[in-house]
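A.B. asks: A predicted structure for the sequence below; I have some questions about it.
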Amino acid sequence: MQKKIKTALLSYGMSGKVFHAPFLQLHEGFELLGSWERSKQLIQQDYPEVKSYATLEEVLASDAELVIVNTPVDTHYEFAKKVLEAGKNALVEKAFTTTAAEAEELLNLAKEKGLKLTVFQNRRWDSDLKTVKSVLDQKLLGAIVEAEIRFDRYNPNLSPKAWKEGANAGAGVLKDLGPHIIDQAIYLFGYPEAVSADIRTLREGSLVDDNIDITLFYADKRVRLHAGFFNREQLPAYIIQGRKGSFFKDRGDIQEDTLKTGAKPNLTDWGTEPIEKSGLLHTEVDGVVIRQTIPTLQGNYYDLFDGLYQSITEDKPEPVTAEDGLRVMKIIDAASASSEQKRVIKL
């Protein structure tokens, strides 16, 4: 019989309802115990058998082996530290922390206690990113000379969520969308040598950064990252240029939008992009120039949870390690310093 990992959430807002609970229910290796709910008690409407915890202390006193820290970014360090100190494994939402120093402290604490600490960089399992990774793994473009990863939206209005717009250490696009594209860049191309960034506030009345341009410097390539809210007409999310050819891919993963409808994930046709979102490959193979669409691979966040399950039960590496999270935070810190000082920051 498969071992069940008893798991608790630290909130049941959008992330708990959409990104976590459905996959914990789908995976036979997890048992959802419940969630800490400060005001509204909502989790039992969806999962009548689970518990609504009144306090964090109640969660930490439970027999949960895994706690998912899916609260606002500026609470991640404090809550994850308490979870680890209570002897429980932790899955922490992005951004991992608010500084690299906090990330390093959590990493060392998890090692000291022999616990698993994972960062929820779920977009490594997006259909579009998986397709880009496949093209790179097949070396279809030759040596890469430059790349661009964008997370563009059109939304000039401020978010009604106060924690997203307040001038706190975890707010702003650099720590909201930034961790996705920074982690994807490291995942695809490795850790860069230096960083330069231009971080701006463009929306009227905004107190936080909402437009970021980051350049990652490698010995043989440059990788540019962009996220912002004034992109009504969007460029491809992935533009990869190699010595032999190019690959362009729109951001097309459907998992988040599908989950928001209340649909439950599965292990068959889940995360299948529309065919019109196929990527464009223009390259040379065996001396022949080709220009064709590339079907998108299937995405599924289930694989992150399955990797976490194997990490805890079989002592395998976490699907996204605390070291991965620390590297992202080091780039975020460097990007902030670069934008403020108007200079390139060596890592």
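C.D. replies: That came in fine, so what should we check first? Note that this is a predicted model, so its numbers are computed, not measured.

A.B. asks: that's a helix at I68, yeah?
C.D. replies: No: counting by DSSP: H, G, I helix; E, B strand; the rest coil, I68 is located in no helix; its state is strand.

A.B. asks: how many residues are close by it?
C.D. replies: I68 has 28 neighbours, counted by other C-beta atoms under 10 Å. To be clear about C-beta, it is placed using only N, CA and C from the backbone, and glycine gets the same treatment.

A.B. asks: wait, doesn't it sit right on Y12?
C.D. replies: No: counting by C-beta atoms under 8 Å, I68 sits too far from Y12 to count as a contact (10.4 Å).

A.B. asks: any idea how far A171 is from F30?
C.D. replies: 31 Å (C-beta to C-beta, to the nearest Å).

A.B. asks: what sits closest to Y302 if chain neighbours are left out?
C.D. replies: In space, and not counting its chain neighbours, Y302 is closest to F23: 5.6 Å by C-beta to C-beta, 6 or more residues apart in numbering.

A.B. asks: wait, I meant L177
C.D. replies: Leaving aside its chain neighbours, L177 sits nearest to A227 (4.0 Å; criterion: C-beta to C-beta, 6+ apart).

A.B. asks: swap in I290?
C.D. replies: Once its chain neighbours are removed from consideration, I290 has its nearest residue in T283; the separation is 6.3 Å (C-beta to C-beta, 6+ apart).

A.B. asks: ok, now which ones touch that neighbour?
C.D. replies: Under the criterion of C-beta atoms under 8 Å, 6 or more residues apart in numbering, the neighbours of T283 are 140-142, 242, 244-247, 289-290.

A.B. asks: which of those fall in strands?
C.D. replies: Restricting those to those inside strands, with DSSP state E as the criterion, leaves 242, 246-247, 289-290.

A.B. asks: quick one: these as TSV, columns for pLDDT, distance to D198 and neighbour count too.
C.D. replies: Compiled in TSV, the ones in strands among the contacts of T283 are given as follows (pLDDT from 0 to 100; distance: C-beta to C-beta, whole Å; neighbours: other C-beta atoms under 10 Å):
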residue	pLDDT	distance to D198	neighbour count
G242	98	26	21
S246	98	25	14
F247	98	26	24
V289	98	36	10
I290	97	36	12
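
A.B. asks: and which of these is nearest W125?
C.D. replies: For the ones in strands among the contacts of T283, the closest approach to W125 (C-beta to C-beta) belongs to F247, at 19.2 Å.

A.B. asks: which strand residues bridge the closest one?
C.D. replies: F247 forms beta bridges with I240, L281, as assigned by DSSP bridges.

A.B. asks: just checking, it touches S278?
C.D. replies: No: here F247 lies out of contact with S278, judged by C-beta under 8 Å, at a distance of 11.2 Å.

A.B. asks: overlap in contacts, these two.
C.D. replies: Shared contacts of F247 and S278, defined by C-beta under 8 Å, 6+ apart, comprise I294.

A.B. asks: identify the residues contacting T75.
C.D. replies: By C-beta under 8 Å, 6+ apart, the contact list for T75 reads 69, 170.

A.B. asks: residues near G178, how many?
C.D. replies: 25.

A.B. asks: so who does it touch?
C.D. replies: Here G178 is in contact with 95, 212, 214, 225, 227, 332, 335 (criterion: C-beta under 8 Å, 6+ apart).
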